[in-house]
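> Quick one: sequence and predicted model below, then my questions.
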Amino acid sequence: MNEDAAAELQALRERAYGPDADILRDPVAYDRLHELEEQLRTEQPSPDAPAAASTQDPESASAAAASSDDRASESGARAAWSPLTRVPPLARAFWLVSVLAVATLAASVTWGLASIPVISEGSGARQIAALELDPSTTSPSFGSTDTPPVGFQFAGYTLITAINSSDGVDSECLVVFRTEDVDDESGFPNGPTYYGCGAGAFPPTASVQIHAGSPAAALERFGDGAALQFVLEGDRVGVFVDSAPEDPVN
């Protein structure tokens, strides 16, 4: 390779691997770099070439050995290049920052999930009944009257459905009260009521504590201190108890 070609190769390498690398934006220069590097490789002596004649003087032999070592070192450096070294330094910096950002985000999400206290999805209470609609149930209209309420009966309790409209959103609710408290004239209970409304995938649910003032049927069957939970699902109500006898009678 002559001096002009060597100088051109040096300049192109500076554009490719130097601190202000810009050769990726110049396809012509990029191709010329590969062309000159290939030319340099082809001009290097083959490892299988015969050794120099023994009549060569010591100074020439030393110079040839030094030149060979330089070329070997240069060739080794080229062999160690990876595709990433051909990317401009600024692009490599952006790539490294993006990798670190993704790693940091993943770590923060993992930590956030691990730091949330685990709360049981349910009480683990046992279901003891599935109530069907009772047409004979007196069903006063709580909330919106556009949807007729339906009723259920269980252990001295009356359960009716109702629609609650709040902030322009209609929610289905379940209202529970003692059957004996229903007023004959108005149809509304004259005692405590228990209710719960659904939202999204969560069904309407109402819970009742059994105590001395509870209906006799519920107090006798479940005992003072027990608790009932009523869950409305479609046209049925599931009944759950937190302390039930071994063989509950439905």
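Received, thanks. Please read all numbers here as calculations on a predicted model, not as lab measurements.
> Quick check: can you name the pairing partners of the helix or strand that contains residue 128 and their directions?
Assignment of secondary structure by DSSP states H and E places residue 128 within strand 126-131. In the sheet, strand 126-131 lines up against strand 236-241 (antiparallel) (DSSP bridges).
> Identify all contacting residues around the strand it pairs with.
Strand 236-241 is contacted from outside by 123, 125-132, 152, 154, 159, 174, 222, 226-231, 248, using C-beta atoms under 8 Å, 6 or more residues apart in numbering. Every residue, glycine included, has its C-beta placed from N, CA and C.
> Give the buried residues for that strand.
237, 238, 239, 240, 241 (16 or more other C-beta atoms under 10 Å).
> What average pLDDT does it get?
For strand 236-241, mean pLDDT rounds to 92.
> then that strand to CSV, C-alphas only?
Extracted in CSV, the C-alpha atoms of strand 236-241 (Å, rounded to 0.1, in the frame of the first residue of the first chain):
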residue,chain,number,x,y,z
ARG,A,236,-79.5,-16.5,43.2
VAL,A,237,-78.0,-15.6,46.6
GLY,A,238,-75.2,-17.5,48.1
VAL,A,239,-75.2,-17.8,51.9
PHE,A,240,-72.0,-18.1,53.8
VAL,A,241,-71.4,-18.5,57.6
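> residues near the closest residue to residue 233 other than its chain neighbours, how many?
Leaving aside its sequence neighbours, residue 233 sits nearest to residue 203 (C-beta to C-beta, 6 or more residues apart in numbering; 5.5 Å). Neighbours of residue 203 under the rule other C-beta atoms under 10 Å: 17.
> dump the residue contacts of residue 203.
Taking C-beta under 8 Å, 6+ apart as the test, what residue 203 contacts is 231, 232, 233.
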